[in-house]
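Q: The sequence isn't on hand, but the structure is:
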């Protein structure tokens, strides 16, 4: 793949990357919104876990865990030495004002995909034993006794 830094637009979007054939290339340009985007993070997980991961609670400094009926997963950051580019879909590029006008197009009408972030790694789920100490602490703060159930 070829990388260009000067063009502020993207025409192919993520769809162009999906259609790249073996032994071919497309142009990649930096999107006008390119930057660190610390609010964006990749999370690799099985599709069946997606509904559970969309709900979150607890404090921001506590390690994130995903608890299911029979398993507990820790959410861990895994760095990568490869360059991973985040490229928005073409319809998102247009809505952000990144669509080129006719005079800005490459002279041979090559497809150009816009990169908004270079990702240093992703989040993964790792099976862990449940941390019952926190549950015990919460339960001990409000003990339940036999006398309470008969009132």
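A: Looks like it arrived, so ask away. Every value quoted in this text rests on a predicted model; they were computed, and no experiment measured them. Numbering: from 1, shown residues only.

Q: so what strands line up beside the helix or strand harbouring residue 74?
A: Secondary structure here is read from DSSP states H and E; on that basis residue 74 sits in strand 72-86. Taking DSSP bridges as the criterion, strand 72-86 forms sheet pairs with strand 65-67 (antiparallel), strand 117-128 (antiparallel).

Q: Touching the last one from outside, list them.
A: Strand 117-128 is touched from outside by 34-37, 40-46, 49, 65-66, 71-80, 83-86, with contacts defined as Cβ atoms under 8 Å, 6 or more residues apart in numbering. All C-beta spots, glycine's among them, are computed from the backbone N, C-alpha and C.

Q: before we move on, back to that, buried residues in the strand holding residue 74, which are they?
A: Of the residues in strand 72-86, those buried under the neighbour-count criterion (16 or more other Cβ atoms under 10 Å) are 73, 75, 85-86.

Q: and what of stretch 21-37?
A: Taking 16+ other Cβ under 10 Å as the basis for neighbour counts, the residues of stretch 21-37 that come out buried are 26-32, 34.

Q: Quick check: the two most widely separated of those residues?
A: Taking every pair in the buried residues of stretch 21-37 and measuring Cβ to Cβ, the maximum separation is 18.7 Å, between 26 and 32.

Q: pLDDT of the longest helix anywhere in the chain, averaged?
A: Of all the segments of type helix in the chain, defined by DSSP state H, the longest one is helix 132-141. The average pLDDT within helix 132-141 is 86.

Q: how much distance is there from it to the middle of the chain?
A: The chain centre lies 33 Å from the centre of helix 132-141; the measure is Cα atoms, centre = their mean, to the nearest Å.
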